[in-house]
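Undergrad: One predicted model, sequence on top.
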Amino acid sequence: MIILDKPYVSDFLIDTINKYEIPVLNNAFVKAISSIKKTNLISDNKAIQSIENEHELLYTNSENAIGWVGENLEKTKLPNQIELFKNKEKFRELLSKLYPDFYYKKIAFTELVNVNFETLTKPFVIKPNVGFFSMGVHIIKNDSDWNNALISLNTEMELVKDLYPLQVMDATEFIIESYIKGEEYAVDCYFNDKGKPVILNIMEHQFSSTDDVSDRLYFTSTTIINRLKDTVQIFLEKLNDLAGLTNFPLHIEIRIDNGIIIPIEGNPMRFGGWCTTPDLTYHAYGINSYQYYFEQVEPDWDSIINTFDTSIYSIVILNNATGYKSNQIKSFDYEKLRSTFENPLELRKIDYAKYPLFGFLFTKTSSNNISELEKILVSDLTEFILAE
């Protein structure tokens, strides 16, 4: 069963639901989507009964659905398993056996101004204990970074306080934790009915600088999959030795430094938010992540690596980095943006007056044309807007 909720559901996900006749919870959000077959809709009571009796696998496209799980599925193990990942302090507690020297500390937002900065282990990252995207995330190396972060956090948390429910974004508590070195990757996976982790995609998360914490660019290729799949598989097995997950989808972000994997955070019951990474996986490899999870199918990565070329498939997240507020922007030139890429695959426009981003672009890039990705990575996007 799928629980659909705000802020976004892709046409690809809707087509998948209709094609494979996947049951969908008949909530208020779904009632406004006319393209979903009515025969796929099920009531709260039927959904609860079926999941409690372990007759249905559950997937959510949005963490907004976590509230419904907590309120209605308290007889199952799901609320506690979700909390292991959404609550970053509990996530670190879970992993402490694997990383006993990893430093972390939870602090109330109202107490941040009273923290003795000199007592903190630096460099470190500060972020909401329950968060989403890179909202409220800051890398702190010195006094100046700390003071600037304290000022910025007040503005940032005010801007997003009404965008997401508390189960998704809660600014009342923050966590300070060790800065993790290395290259960053995002992994879509699920744990099957036996608890075996199944990798659906591995994406590199590129940054414009060492201080950048944005979500501008993720990309995948057979080169990345071939290099990392075995190492990531072993890590996921160790993770599940602690978590005991079965029939559980997960989007987890990690860093790899000298072959050692340290997780950043895990996003439970879904793959990439806003229907991004699972749809990218289909663009890149023809793998329908939703179908693979519900049918418990494992990708044949060896065959894919030997069959597909080394092209790079990317998600470009068009976050508003222009320096202009949404009400100061008259328009965004999406066609100009498309023209800067050799092979744009799909463009999703988002209401930037409501959310702090212009949209998402899926692209295919030749392995010898990485410069087009490097350019968009450092762009503040002002060349695409008309501002007042």
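TA: In hand now; what should we look at? Residues are numbered from 1 along each chain as shown.

Undergrad: For the residue at minimal distance from the centre of the chain, which residues are in contact?
TA: Centroid check for the chain by CA atoms, centre = their mean gives Gly272 as the closest residue, at 4.1 Å. Neighbour list for Gly272: Ala186, Asp188, Tyr218, His251, Pro278, Leu280, Ile315 [criterion: CB atoms under 8 Å, 6 or more residues apart in numbering]. (C-beta placed from N, C-alpha, C; glycine too.)

Undergrad: Can you tell me how far the fifth one is from Pro197?
TA: It stands for Pro278. Pro278 is 16 Å from Pro197, where distance means CB to CB, to the nearest Å.

Undergrad: Pick out whichever of those two has more residues nearby.
TA: Pro278 (28 against 22; other CB atoms under 10 Å).

Undergrad: Would you verify that the more buried one is located in a helix?
TA: Yes: counting by DSSP: H, G, I helix; E, B strand; the rest coil, Pro278 is part of a helix.

Undergrad: And the pLDDT for the nearest residue to it once chain neighbours are set aside?
TA: Spatial nearest neighbour of Pro278, chain neighbours left out: Ser289 (3.7 Å); criterion: CB to CB, 6 or more residues apart in numbering. Per-residue pLDDT puts Ser289 at 98.

Undergrad: Contact partners for Ser289?
TA: Ser289 makes contact with Asp188, Leu200, Asn201, Phe271, Thr277, Pro278, Thr281, Tyr282 under the criterion CB under 8 Å, 6+ apart.

Undergrad: Any idea how many residues pack against Thr16?
TA: Other residues close to Thr16 by other CB under 10 Å number 20.

Undergrad: Hmm, it is touching Asn288, no?
TA: Yes: contact criterion CB atoms under 8 Å: Thr16 and Asn288 qualify, at 6.0 Å.

Undergrad: For the host helix or strand of Thr223, the averaged confidence score.
TA: Element membership for Thr223, per DSSP states H and E: helix 222-243. For helix 222-243, mean pLDDT is 98.

Undergrad: name the helices or strands packed onto it?
TA: Contacts defined by 3 or more CB pairs under 8 Å, 6 or more residues apart in numbering; DSSP states H and E place helix 222-243 against helix 88-95, strand 183-191, strand 197-206, strand 248-257, strand 260-268, helix 301-307.

Undergrad: what angle do the third one and strand 183-191 make?
TA: It stands for strand 197-206. Angle of strand 197-206 versus strand 183-191, following axes from the mean of the first three to the mean of the last three CA atoms, to 10 degrees, is 160 degrees.

Undergrad: Strand 197-206 pairs with which strands, and in what direction?
TA: If you go by DSSP bridges, strand 197-206 pairs up with strand 183-191 (antiparallel), strand 217-220 (antiparallel).

Undergrad: And the contacts of the shortest one?
TA: So that's strand 217-220. 186, 201-206, 272, 276-277, 280-281, 284, 312-317, 365, 373, 376-377.

Undergrad: Could you do the longest one as well?
TA: Contacts with strand 183-191, where a contact means CB under 8 Å, 6+ apart, come from 197-205, 207, 218, 224, 228, 232, 236, 240, 245-257, 264, 271-272, 277-278, 281, 289, 292-293.

Undergrad: 7 Å instead?
TA: Residues outside strand 183-191 that contact it (CB atoms under 7 Å, 6 or more residues apart in numbering): 197-205, 218, 228, 232, 236, 240, 245-246, 248-256, 271-272, 277-278, 281, 289, 293.

Undergrad: List the buried residues for it?
TA: Neighbour counts over strand 183-191 (16 or more other CB atoms under 10 Å) mark Glu184, Tyr185, Ala186, Val187, Asp188, Cys189, Tyr190, Phe191 as buried.

Undergrad: The protein - how does it break down into domains?
TA: 2-84, 99-178, 183-387 (automatic domain parsing).

Undergrad: could I get the contacts of Gly272 as TSV with pLDDT and distance to Asp211?
TA: Output for the contacts of Gly272, formatted as TSV (pLDDT from 0 to 100; distance: CB to CB, whole Å):
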residue	pLDDT	distance to Asp211
Ala186	98	20
Asp188	98	27
Tyr218	97	19
His251	97	24
Pro278	98	30
Leu280	98	26
Ile315	98	22
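
Undergrad: Closest one of those residues to Tyr59?
TA: Pro278 (9.6 Å; CB to CB).

Undergrad: Can you spell out which helices and strands pack onto the least confident helix or strand in the chain by mean pLDDT?
TA: Here the helix or strand of the chain ranked lowest by mean pLDDT, DSSP states H and E is helix 143-160, holding a mean of 80. Applying 3 or more CB pairs under 7 Å, 6 or more residues apart in numbering; DSSP states H and E, one finds that helix 143-160 contacts strand 138-140.

Undergrad: outside of the strand it packs on, which residues touch it?
TA: In contact with strand 138-140 (CB under 7 Å, 6+ apart) are residues Lys122, Pro123, Phe124, Val125, Ile126, Asp145, Trp146, Ala149, Ser152, Tyr179, Asp211, Val213.

Undergrad: which one among the residues you listed gets closest to Phe109?
TA: For the contacts of strand 138-140, the minimum distance to Phe109 (CB to CB) is 10.4 Å, reached by Ile126.

Undergrad: For my notes, confirm Ile175 occurs in a strand.
TA: Yes: assessed by three-state DSSP, Ile175 belongs to a strand.

Undergrad: how many other residues sit next to it?
TA: Count around Ile175 with other CB under 10 Å applied: 22.

Undergrad: Report the separation between it and Lys106.
TA: Distance from Ile175 to Lys106, by CB to CB: 5 Å.

Undergrad: Between the two, which contacts overlap?
TA: With CB under 7 Å, 6+ apart, Ile175 and Lys106 have common neighbours Glu89, Asn129.
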